[in-house]
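Q: Sequence first, then the predicted structure, then my questions.
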Amino acid sequence: MLEFLFPIVLGLIISYEDFKKSLIKNKYIVILIIYGILFQLSFGIFTVVFLKFMIFSFFISFLFWHLGLWSAADGKLFFALSLILPTSLYVRSSLITDYLTNVFVPIFLFITAFLLIRSKRKVIEESLKHTFKPYNFLIISVIFIGFASLLAKLFGFFGIPTNFLIYIIFMFIAYEILIHFFTAKIEMFFILLAIIRIIIDYKEIYTISFLYNFTITVVLFLFFRFFILRLAFKSYTKNVKINNLEEGMILAEGIVNKKGKIEKLNLFQSSLIQTLQQKKYKYIHELGEITKEDIKKIKKLKKNNKIKFDDILVYQKQPFAIFLLVGYILTILFNGSFVSWLRTFI
């Protein structure tokens, strides 16, 4: 176990700097990657097995960054730490899903508890009403029956096991595709997948076990994707003066050019209709982390009196490195998913 002491100590340093400065230095990532490769080679891991794992881990890191589940720096840290796990685990097809489970279950529990304690009762009630709108339930049900289930079967074909968390991640991917690139064709594509699944697996679908899994997974997804996200928007945003904007900040209000007039637009995506409405406007900055060029442009417009408002709503970043480290430690301690270990006592 002493061989894992170095990445854990360095992970603590990274987590501290992420908490204090919202910064993960690339030099730490490089050190961890080099250590991981030398560590695995010294323990005689099969090179082909390790290369396959590295490619898969890199793919997951990039995909989750692209979908906005974590920052680019967090993705690099996940990739680096995934290379320094017990050598015996790399023969398991479930290792990536185990590590992801160990990362996201604790953060879901932490954020849920934090938001419920911090949020006002009225905001909670409004969020619950929004969460269980008929359209939300319908489209998520379609995604579960079609896209998520068929993708899970594909994973199963390659010997990669799935669980509730993986289903939710599949559904998150599908929903983000839907809201970012929404067209009637894409919506019909997901509906068509659901119809195909119903036709192919009708014997499996009309069972109590499927109904149970369907209900639990869809409700959990609705809870986290709509309810928690809405509470988080209220709790994790703050007003920042235009002159105090910094590179890497994520705007919760977009700055748009409406017929020659610069205005603010709330970026909370409460529905597909709102998402489509947002896409009609011309933003003067990148959606996501703002760049130095974005800040120069915004400040110049403010200086020229084109921007009339003094401040703008910005997301407060949640330090994520500590959860990647906790997930890493849990994966080592429980030789895989700690949730699987808990099930033996339930």
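A: Yep, that arrived.
Q: Would you agree residue 265 falls within a strand?
A: Yes: applying DSSP: H, G, I helix; E, B strand; the rest coil, one finds residue 265 inside a strand.
Q: bridging residues for it?
A: residue 254 (DSSP bridges).
Q: Number of residues surrounding it?
A: The tally of other residues near residue 265 (other C-beta atoms under 10 Å) stands at 14. Where C-beta positions appear, they are placed from N, C-alpha and C, glycine not excepted.
Q: for residue 3, same thing?
A: 13.
Q: Give me the distance between it and residue 87.
A: Residue 3 is 10 Å from residue 87, where distance means C-beta to C-beta, to the nearest Å.
Q: now swap in residue 65 and tell me
A: Going from residue 65 to residue 87 by C-beta to C-beta gives 27 Å.
Q: Equivalent analysis for residue 244, please.
A: Distance of residue 244 to residue 87, computed by C-beta to C-beta: 48 Å.
Q: Please identify which of those two sits among more neighbours.
A: Between residue 244 and residue 87, counted using other C-beta under 10 Å, the more crowded position is residue 87 (16 against 10).
Q: The more buried one and residue 40 touch, don't they?
A: Yes: between residue 87 and residue 40 there is a contact under C-beta atoms under 8 Å: 6.3 Å.
Q: OK, contacts around the spatially most central residue of the chain?
A: Centroid-nearest residue in the chain, with C-alpha atoms, centre = their mean: residue 69, separated by 2.1 Å. Residues in contact with residue 69 (C-beta atoms under 8 Å, 6 or more residues apart in numbering) are residue 172.
Q: Low-confidence ranges, the stretch 101-250 of the chain, go.
A: 161, 164, 179-182 (pLDDT under 70).
Q: ok, which stretches of it are helices?
A: 121-131, 134-143, 149-157, 164-180, 184-200, 202-205, 208-222, 229-235 (DSSP state H, counting those that start in this stretch).
Q: and those as CSV, adding distance to residue 73 and mean neighbour count?
A: Shown next, in CSV, are those (distance: least, C-beta to C-beta, whole Å; neighbours: other C-beta atoms under 10 Å):
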stretch, distance to residue 73, mean neighbour count
helix 121-131, 30, 14
helix 134-143, 29, 17
helix 149-157, 28, 16
helix 164-180, 20, 20
helix 184-200, 30, 14
helix 202-205, 41, 11
helix 208-222, 27, 15
helix 229-235, 20, 19
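Q: Please name whichever of these is nearest to residue 93.
A: Of all the helices of the stretch 101-250 of the chain, helix 149-157 sits nearest to residue 93, with 8.5 Å by C-beta to C-beta.
Q: what angle sits between that closest one and helix 164-180?
A: Helix 149-157 and helix 164-180 are oriented at 130 degrees to each other (axes from the mean of the first three to the mean of the last three C-alpha atoms, to 10 degrees).
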